[in-house]
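**Student:** Next one to model:
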Amino acid sequence: MPMTHSAPLKDDARYSVCERCRIVDLCHPIRLDREAREAIKRLIRRRRTLRRGAHLFRIGDRFHSVSALCAGSVKTCALNDGGGVQVLGFHFPGELIGMCGTGTQQHLCDAVALESTDVCEIPLGRLMEVAEQVPAVRRIVYRFLSDEIAHHHALLQPLVGKMAAAEQLAAYLLSLTRRLAPPQTPAREIRLSMSRHDIGSYLGLAKETVSRLFSRFERDGLISVRARHLCVKDPRRLATLAGASRARL
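**Tutor:** Numbering: from 1, shown residues only. So this is what the prediction gives:
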């Protein structure tokens, strides 16, 4: 896939997500000396904007970088055994995407923008070269790699052991609100950028089942949906349905 080169980053202030981005310590390494800061600044210099439906990368593309989402959202997907498209996950501002290509040196899935999306690209190979030369950078890199593994494990937890379709969808909606809500605010209202079909593909449910459950949850007063905006009206009852602990609300 041809690369789209953007101008050097000049104004991060308009992206409030930068403060909670998973690589913020790399972009703003306040504890590093000037030489190390300049080395990292030369690495994280390219921001790309993707239109809705555009690919960040495709299956088989050569791995060259990981990306941090600044704005928008992305879905990752691959072909299943039946030749259909299986949604593997959804990615939102502050999260990393593309890590699955580090071992094979090629991407194992497609990454598609669900809306207008901005990403910062980090050439991982060159970053590791800097890390080998600067111990402080090496510690930051190891930390964000280990944090990313923990993050992906946490994303699986709401769905582990969920058998009933209603439990799966309830757990997924609670997981989304926690991921998308701004810091220090109640996780209650979010914008759904993905379709019912994509949600069903991710959860292993038919689109019709997902639509029916959304209607049931609305009728029962658990949520309300207007266009693509979802409000969790009764998070405790939704958590009970999902089998989640109230302590996590």
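**Student:** And residue 80, what's its pLDDT?
**Tutor:** According to the prediction, residue 80 has pLDDT 85.
**Student:** swap that for residue 248, sorry
**Tutor:** pLDDT recorded at residue 248 is 39.
**Student:** One more: residue 84?
**Tutor:** Residue 84 is assigned 86 on the pLDDT scale.
**Student:** what stretches of the protein score poorly on pLDDT?
**Tutor:** For the chain, the stretches with pLDDT under 70 are 1-20, 22-33, 35-46, 157-159, 182-187, 244-249.
**Student:** Which stretches in it count as strands?
**Tutor:** 46-50, 55-57, 66-71, 74-79, 85-91, 96-97, 110-113, 117-122, 189-191, 223-226, 229-232 (DSSP state E).
**Student:** for these, which one sits closest to residue 164?
**Tutor:** strand 223-226 (17.2 Å; C-beta to C-beta). C-betas here are computed from N, CA, C, even on glycine.
**Student:** how distant is that closest one from the center of its chain?
**Tutor:** Taking C-alpha atoms, centre = their mean, to the nearest Å, one finds strand 223-226 lying 23 Å from the centre of the chain it belongs to.
**Student:** Outline the domain layout of the protein.
**Tutor:** 16-154, 161-248 (automatic domain parsing).
**Student:** rewinding a little: so can I have CSV of the strands of the chain showing distance to residue 137?
**Tutor:** Output for those, formatted as CSV (distance: least, C-beta to C-beta, whole Å):
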stretch, distance to residue 137
strand 46-50, 19
strand 55-57, 25
strand 66-71, 15
strand 74-79, 27
strand 85-91, 25
strand 96-97, 17
strand 110-113, 26
strand 117-122, 12
strand 189-191, 35
strand 223-226, 44
strand 229-232, 40
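**Student:** what's the distance between stretch 131-145 and the middle of its chain?
**Tutor:** That offset, for stretch 131-145, works out to 23 Å (C-alpha atoms, centre = their mean).
**Student:** Over to stretch 208-227?
**Tutor:** Relative to its parent chain, stretch 208-227 has a centroid offset of 24 Å by C-alpha atoms, centre = their mean.
**Student:** can you check stretch 95-106 too?
**Tutor:** Per C-alpha atoms, centre = their mean, the displacement of stretch 95-106 from the mean C-alpha position of its chain is 13 Å.
**Student:** swap in stretch 151-167?
**Tutor:** Between the centre of stretch 151-167 and the centre of its chain there are 16 Å (C-alpha atoms, centre = their mean).
**Student:** swap in stretch 96-113?
**Tutor:** 13 Å.
**Student:** For it, give me every contacting residue.
**Tutor:** Under the criterion C-beta atoms under 8 Å, 6 or more residues apart in numbering, residues 22-23, 50-63, 65-69, 72-78, 88, 91, 119, 124, 144, 148 lie in contact with stretch 96-113.
**Student:** Buried only: go through these for me.
**Tutor:** 22-23, 50, 54, 56-57, 61, 63, 65-69, 72-77, 88, 91, 119, 124, 144, 148 (16 or more other C-beta atoms under 10 Å).
**Student:** Okay, helices next: where are they in the chain?
**Tutor:** Assigned by DSSP state H, the chain shows helices spanning 24-27, 34-43, 124-133, 135-156, 165-180, 196-203, 207-219, 235-242.
**Student:** buried set for the third one?
**Tutor:** Read that as helix 124-133. 124, 127, 130-131.
**Student:** now the last one
**Tutor:** Burial within helix 235-242, assessed by neighbour count using 16+ other C-beta under 10 Å, is assigned to 235, 238-239, 241-242.
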